[in-house]
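K.L.:
Take this sequence and fold it.
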Amino acid sequence: MGLHKEIIRVTSAYFDDEIDSLKLSKASKEYRIILEGICGTNMNIEDGRIDIELDNGKALGTYWAALCLDDLIRTRKFIRGINKAIKDKINSKKPLHILYAGTGPFATLILPLIFRYSKQNIKYTLLEINPFSFQLLKNVISKLKLDAYDITLVNNDATKYKIDSKNEPDIIISETMQTALAKEQQVPIFLNLMSQVKKDSIFIPEKIALSIGLVKKGTSINELQAKHYYKEKKVFEVSKESMFPANQTERVTIKKITFEKKQTVIKKEKLAKYNQLVIITEIQVYKDEKIHISESGLTTPIFIQDIPDNLSGSIIIDTQYKISSNPKLEYKITLPN
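P.N.:
Numbers count the residues shown, from 1 in each chain. Down below sits the predicted model:
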């Protein structure tokens with residue numbers, strides 16, 4: 001069986017409507033074996049483990065980027081979401097243009113789809129900043145004999161990349177994030193690329209929401225599930241609606257943008273049921289393809305404060321997302337005296 005058909009066969013598990021964990025795990029292992037075999041390079045070396053540190057976040061080292069495939073629900077939801085976006089946007093009048101920013105060494109999230117659509121109907125721009133990852137990506141594309149496909153490879157920083165106005169993408173993909181949107185470049189990539197395209201362009205993921213949350217008392221760390229968390233207040237969102245409202249006339253620039261400060265007040269009466277404060281991350285990949293609390297490493301809640309017993313008043317949490325060399329949701333917690 002040729003590599004194209006083998007990739008289609010192995011990755012078919014991602015398209016099943018019902019989740020079979022064992023089948024999904026087996027498929028992901030097979031998919032990674034195929035990709036590593038095509039790549040033929042040991043990534044677990046110094047050059048492969050070094051992250052690229054930038055003034056607006058870091059880009060993962062090649063080895064770590066490759067490991068993202070092992071986050072099963074994340075990989076499944078993104079591949080399914082991208083596929084649904086393609087179906088919504090594709091037409092016979094002109095080729096669909098997909099820009100994938102932060103491909104890692106394998107372009108993992110788009111590769112299963114390239115072979116499922118006619119090469120005449122879609123063109124791709126694969127954008128990767130890490131030179132080691134980019135070299136491996138070129139090798140993978142070459143060994144898969146994708147010369148007949150309209151694929152442009154670009155070694156560049158997606159937060160500074162200039163889109164050709166005559167070749168705007170219809171769909172932009174970038175999964176360059178960790179839980180709570182910390183450390184990596186997801187937010188500045190979104191701002192840079194979405195500020196250059198039309199309103200009807202799709203960005204995947206469509207929405208990332210950060211909320212202040214609470215953890216119910218009486219639950220051990222090993223037993224925690226989504227039902228044990230309570231969302232108190234959404235404090236930050238990355239989406240077209242929140243960052244590029246329909247009535248906005250001025251283009252957003254990353255250097256000038258300052259995100260709104262938010263204050264969350266949790267009253268003493270409510271706090272009696274909970275023992276921890278957390279930051280909750282939720283991701284809407286595309287339409288109904290969502291990654292819920294604790295389904296993925298990307299949505300594992302982050303502990304920020306124990307809630308003391310017998311509080312005399314409300315807890316106040318001031319939050320603000322900031323882009324820097326270490327982007328994150330900054331917070332200040334004020335406990336009652």
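K.L.:
S92 falls within a strand, correct?
P.N.:
No - with DSSP: H, G, I helix; E, B strand; the rest coil as the criterion, S92 is assigned coil and is not in a strand.
K.L.:
Now do it against P131, distance only.
P.N.:
From S92 over to P131 the distance is 38 Å, taken as Cβ to Cβ, to the nearest Å. All C-beta spots, glycine's among them, are computed from the backbone N, C-alpha and C.
K.L.:
swap in K160?
P.N.:
Separation of K160 from P131 (Cβ to Cβ) stands at 16 Å.
K.L.:
hang on, the earlier thing: more neighbours, S92 and P131?
P.N.:
The residue with the greater number of neighbours, taking S92 and P131 and applying other Cβ atoms under 10 Å, is P131; the counts read 12 against 7.
K.L.:
The closest residue to that one other than its chain neighbours - how many residues pack around it?
P.N.:
Once flanking residues are discounted, P131 sits nearest to N155: 6.3 Å by Cβ to Cβ, 6 or more residues apart in numbering. As a burial measure, the neighbour count of N155 was computed by other Cβ under 10 Å and equals 15.
K.L.:
now swap in V265 and tell me
P.N.:
Taking other Cβ under 10 Å as the criterion, the count of residues near V265 is 12.
K.L.:
Figure out how far stretch 31-43 is from the centre of its chain.
P.N.:
For stretch 31-43, the separation from the chain centroid amounts to 22 Å (computed by Cα atoms, centre = their mean, to the nearest Å).
K.L.:
which stretches of this structure form helices?
P.N.:
According to DSSP state H, the chain carries its helices in the segments 3-11, 21-39, 46-49, 62-67, 72-89, 111-114, 131-143, 186-194, 240-243, 268-271.
K.L.:
Quick check: which of those is buried the most?
P.N.:
For the helices of the chain, the stretch with the most neighbours on average is helix 186-194, a mean of 24; neighbours defined as mean count of other Cβ atoms under 10 Å.
K.L.:
tell me what that helix is packed against?
P.N.:
Here helix 186-194 is seen to pack against strand 57-59, strand 96-101, strand 202-204, strand 229-238, helix 240-243 when contacts are counted using 3 or more Cβ pairs under 8 Å, 6 or more residues apart in numbering; DSSP states H and E.
K.L.:
between that helix and strand 229-238, how big is the angle?
P.N.:
Between the axis of helix 186-194 and that of strand 229-238 there is an angle of 40 degrees, by axes from the mean of the first three to the mean of the last three Cα atoms, to 10 degrees.
K.L.:
mind showing which ranges of the stretch 201-337 of the chain have poor pLDDT?
P.N.:
Across the stretch 201-337 of the chain, the ranges flagged by pLDDT under 70 are 247-256.
K.L.:
how about the strands of it, start to end?
P.N.:
Along the stretch 201-337 of the chain, the segments classed as strands by DSSP state E, counting those that start in this stretch run 202-204, 207-216, 229-238, 262-266, 274-286, 289-291, 302-306, 315-322, 328-334.
K.L.:
Strand partners (parallel or antiparallel) of the first one?
P.N.:
Taking DSSP bridges as the criterion, strand 202-204 forms sheet pairs with strand 171-173 (parallel).
K.L.:
The nearest residue to S324 once chain neighbours are set aside: neighbouring residues, count only.
P.N.:
In space, not counting the residues next to it along the chain, S324 is nearest to N56; the distance is 7.1 Å by Cβ to Cβ, 6+ apart. Using other Cβ under 10 Å, N56 has 21 other residues around it.
K.L.:
where does N56 land on pLDDT?
P.N.:
N56 is assigned a pLDDT of 96 by the prediction.
K.L.:
Assess the claim that I122 and L146 are in contact.
P.N.:
No - in terms of Cβ atoms under 8 Å, I122 does not count as a neighbour of L146; the distance is 12.0 Å.
K.L.:
Neighbour count: those two, which is higher?
P.N.:
For I122 versus L146, neighbours defined as other Cβ under 10 Å are more numerous around I122 (23 against 17).
K.L.:
Now for that one: which residues touch it?
P.N.:
I86, I90, P95, L96, H97, I98, I114, D150 (Cβ atoms under 8 Å, 6 or more residues apart in numbering).
K.L.:
now do 6 Å
P.N.:
By Cβ atoms under 6 Å, 6 or more residues apart in numbering, I122 lies in contact with P95, L96.
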